[in-house]
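Chemist: just coords:
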């Protein structure tokens, strides 16, 4: 092994674990902030509600590419030039940690667990609930297709195979990543304030997104084959989508609504605890 190869692999591992630490750290500021305030006001319940499903899918995705001989063999068959998946252990470690912290964050909207006061309007919106159940249905449909269309029950990579189910889970994670940010951005816009919401989460988040992309690019360039990126769409698109929305939040916090941060937290404002959409599918008044 050449010195260049040793350096590149060491750099990849370093970037991987730094991004894992940053993304993992991004889960702590908001729950801690909620505990300090004894409140979830100013937050959209849609974000944590759908986040749990997204990271469960991502955890299964990373675990499959790391530890499933079937999935790894099917990946190698479809990517003969670069048969080694670009999923790394730090990806799985992050996903596992994210599932646990997302569940804790979501549980803070249940008064009987934490004792926080929750408004009767703080409920999951219909669009987000539809995406949640629609994602589960989509995964079930792909499983059914694999079992019915594949001649050997999903083990032939040239046909519908189990790797397609894993890819479907990664696409579910990508859709959820796009959707989960929108309610909080909308709540910030309606309130013209980011009070009650922690910017530290976003700063950790965007740092992790940049480093995640750098690790993926380094790994793929070292293999001299960019299929390492196309073969790992979850990581590639996850980083890009994260950076895009984080920039929106940074602009809201530091530019658009900077003056509102200095004011007292208006816990009586009628829009603080309302979801993205009301039960009737209209914007809350």
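Modeler: Received, thanks. Note that the coordinates shown come from a computational prediction; the quantities given were computed from them, not determined experimentally. Residues are numbered from 1 along each chain as shown.
Chemist: When you work out contacts or count neighbours from here on, use the C-alpha atoms and nothing else.
Modeler: Will do.
Chemist: Following element in sequence after the helix or strand containing residue 146, please.
Modeler: In the assignment (DSSP states H and E), residue 146 maps to helix 126-149. For helix 126-149, the following helix or strand on the C-terminal side (DSSP H and E) is helix 162-191.
Chemist: Now do that next one and helix 126-149, the angle between them.
Modeler: Interaxial angle, helix 162-191 versus helix 126-149 (axes from the mean of the first three to the mean of the last three Cα atoms, to 10 degrees): 170 degrees.
Chemist: Now the element after the helix or strand of the chain with the lowest mean pLDDT, going C-ward?
Modeler: Sorting the helices and strands of the chain by mean pLDDT, DSSP states H and E puts helix 227-230 at the bottom, at a mean of 66. Using DSSP H and E, the next helix or strand after helix 227-230 towards the C-terminus is helix 233-251.
Chemist: helices or strands next to that next one in the packing?
Modeler: The contact analysis (3 or more Cα pairs under 8 Å, 6 or more residues apart in numbering; DSSP states H and E) places helix 233-251 against helix 162-191, helix 199-222.
Chemist: what comes into contact with it?
Modeler: Helix 233-251 is contacted from outside by 58, 170-171, 173-174, 177-178, 181, 185, 199, 202-203, 205-206, 208-210, 212-213, 216, 229-230, using Cα atoms under 8 Å, 6 or more residues apart in numbering.
Chemist: between it and helix 199-222, how many degrees?
Modeler: Using the same axes, to 10 degrees: helix 233-251 against helix 199-222 is 140 degrees.
Chemist: circling back: the helix holding residue 146 - contacts with which helices or strands?
Modeler: helix 46-67, helix 162-191.
Chemist: List the buried residues for the shortest one?
Modeler: Buried positions in helix 46-67, judged by neighbour count with 16 or more other Cα atoms under 10 Å: 46-66.
Chemist: go on, the longest one?
Modeler: Of the residues in helix 162-191, those buried under the neighbour-count criterion (16+ other Cα under 10 Å) are 162-177, 179-185, 187-188, 191.
Chemist: still on that earlier bit, make CSV from the helices and strands packed on helix 233-251 and add distance to residue 236 to it.
Modeler: Output for those, formatted as CSV (distance: least, Cα to Cα, whole Å):
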stretch, distance to residue 236
helix 162-191, 10
helix 199-222, 6
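Chemist: possible to save these as a markdown table with distance to residue 22 and mean pLDDT?
Modeler: Formatted as a markdown table, the helices and strands packed on helix 233-251 follow (distance: least, Cα to Cα, whole Å; pLDDT from 0 to 100):
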| stretch | distance to residue 22 | mean pLDDT |
| --- | --- | --- |
| helix 162-191 | 17 | 88 |
| helix 199-222 | 5 | 85 |
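Chemist: out of those, nearest to residue 34?
Modeler: When the helices and strands packed on helix 233-251 are compared by Cα to Cα, helix 199-222 sits nearest residue 34, at 12.7 Å.
Chemist: Show residues contacting the closest one.
Modeler: Contacts of helix 199-222 (Cα under 8 Å, 6+ apart): 8-9, 12-13, 15-16, 18-23, 25-30, 86, 226-229, 235-236, 238-240, 242-243, 246-247, 249-250, 253.
Chemist: Which PyMOL command selects the buried ones in the residues you listed?
Modeler: The buried residues among the contacts of helix 199-222 can be selected in PyMOL (16+ other Cα under 10 Å) with this line:
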select buried, resi 9+12+13+15+16+18+19+20+21+22+23+25+26+27+28+29+30+86+226+227+228+229+235+236+238+239+240+242+243+246+249+253
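Chemist: that older thread, to residue 4, which of the helices and strands packed on helix 233-251 lies closest?
Modeler: Residue 4 sits nearest to helix 199-222 of all those, at 9.9 Å, using Cα to Cα.
Chemist: how distant is stretch 27-36 from the center of its chain?
Modeler: 18 Å (Cα atoms, centre = their mean, to the nearest Å).
Chemist: which residues are contacting that stretch?
Modeler: Looking at what lies outside stretch 27-36 - Cα under 8 Å, 6+ apart - the contacts are 40, 98, 101, 102, 104, 105, 108, 196, 197, 198, 200, 201.
Chemist: which element is the second one on?
Modeler: What it means is residue 98. Using DSSP H and E, residue 98 maps to helix 89-107.
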